[in-house]
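*Asks:* With the sequence up front, the predicted model follows.
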Amino acid sequence: GESVGLHLPTLSVQEGDNSIINCAYSNSASDYFIWYKQESGKGPQFIIDIRSNMDKRQGQRVTVLLNKTVKHLSLQIAATQPGDSAVYFCAEMWPGGSYIPTFGRGTSLIVHP
Amino acid sequence: EAQVTQNPRYLITVTGKKLTVTCSQNMNHEYMSWYRQDPGLGLRQIYYSMNVEVTDKGDVPEGYKVSRKEKRNFPLILESPSPNQTSLYFCASSFPGAYEQYFGPGTRLTVT
């Protein structure tokens, strides 16, 4: 499939490890955030979202942490599996921008069996 | 099945030959948008539409046109493609406001 990971930050982990992917966002007015996963040859897919009135949200094997003080998001993946290998993007949205998302450049996660 | 479809998935064309990439969604979403994705640059928005007959420029609109005559369709038009428009293109749709976007599978365009 097409490679979208060239020149991106890369995180390499062993299968079974926990992974942490970080994202710095730009707008202090942003109040809604999404993490997307993009596998090779496919479009981005929603993983988890969080609103600014929360600092943590958990899904199945994934947790998003939000630190508004330093404008930082992180995505934690527990017990990482080879199927988690993909590029991960964060997106920020704010009401003054009509909630049109601004995407980060992405991080390439490589999981070694 | 809820989905965003794009056609064609792959296209090789020559400089100056007009082309259209179609996008259709079956989720009754008001908001639709087009992105291009280039290595190391992430997703850059080309155009977006908040509803039928309402379109606006994104970050990189030069060389592209769009139309939104029906809610479900949002075609991307390249009137005179150039090699610098070689890229991977994604269409996306969502409800307006703080909601996730649903992305199509992508169209790989090569302009020679």
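*Replies:* Looks like it arrived, so ask away.
*Asks:* of all the residues in chain A, which ones are close to chain B?
*Replies:* Proximity of chain A to chain B (CB under 8 Å from any CB of the partner chain) is limited to residues A:2-8, A:31-32, A:34, A:36, A:41-46, A:49, A:51, A:89, A:91, A:93, A:98-101, A:103-106. Bear in mind the C-beta positions are built from the backbone N, C-alpha and C, glycine included.
*Asks:* So which of these sit within helices?
*Replies:* Per DSSP state H, helices hold no members of the residues of chain A next to chain B.
*Asks:* and those residues, which are buried?
*Replies:* A:4-5, A:8, A:31-32, A:34, A:36, A:42-44, A:46, A:49, A:89, A:91, A:93, A:99-101, A:103-104, A:106 (16 or more other CB atoms under 10 Å in any protein chain shown).
*Asks:* Contact partners for the nearest residue to B:Ala92 once chain neighbours are set aside?
*Replies:* Distances taken as CB to CB, 6 or more residues apart in numbering or on different chains place B:Gln101 nearest to B:Ala92, at 4.2 Å, with adjacent residues excluded. Applying CB atoms under 8 Å, 6 or more residues apart in numbering or on different chains, we find B:Gln101 in contact with A:Ile34, A:Pro44, A:Phe46, A:Ala91, A:Pro101, B:Tyr31, B:Ser33, B:Ala92, B:Ser93, B:Ser94.
*Asks:* Could you give the bridge partners of the residue nearest the centre of chain B?
*Replies:* Nearest to the mean C-alpha position of chain B, counting by CA atoms, centre = their mean, stands B:Trp34 at 3.0 Å. The partner list for B:Trp34 in beta bridges (DSSP bridges) reads B:Tyr47, B:Cys91.
*Asks:* From B:Ser80, how far off is it?
*Replies:* With the distance defined as CB to CB, to the nearest Å, B:Trp34 ends up 17 Å from B:Ser80.
*Asks:* Chain A contacts on chain B?
*Replies:* Within chain B, the positions near chain A by CB under 8 Å from any CB are B:4, B:33, B:37, B:39-43, B:45, B:48, B:50, B:88, B:90, B:92, B:96-106, B:108.
*Asks:* Buried among the residues you listed? Make that a ChimeraX selection.
*Replies:* With 16+ other CB under 10 Å as the burial test, the buried ones among these are selected in ChimeraX as follows:
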select /B:4,33,37,41,42,43,45,48,50,88,90,92,98,99,100,101,102,103,104,106,108
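*Asks:* So which of the residues of chain B next to chain A belong to strands?
*Replies:* Counting by DSSP state E, those place B:4, B:33, B:37, B:42-43, B:45, B:48, B:50, B:88, B:90, B:92, B:102-103, B:108 in strands.
*Asks:* mind putting the residues you listed in TSV, pLDDT included?
*Replies:* As requested, those are arranged in TSV below (pLDDT from 0 to 100):
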residue	pLDDT
B:Val4	98
B:Ser33	97
B:Gln37	95
B:Gly42	84
B:Leu43	92
B:Gln45	94
B:Tyr48	95
B:Met50	94
B:Leu88	97
B:Phe90	98
B:Ala92	97
B:Tyr102	96
B:Phe103	97
B:Arg108	97
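*Asks:* of all these, which two lie farthest apart?
*Replies:* Greatest spatial distance among these (CB to CB): B:Met50 and B:Arg108, at 27.7 Å.
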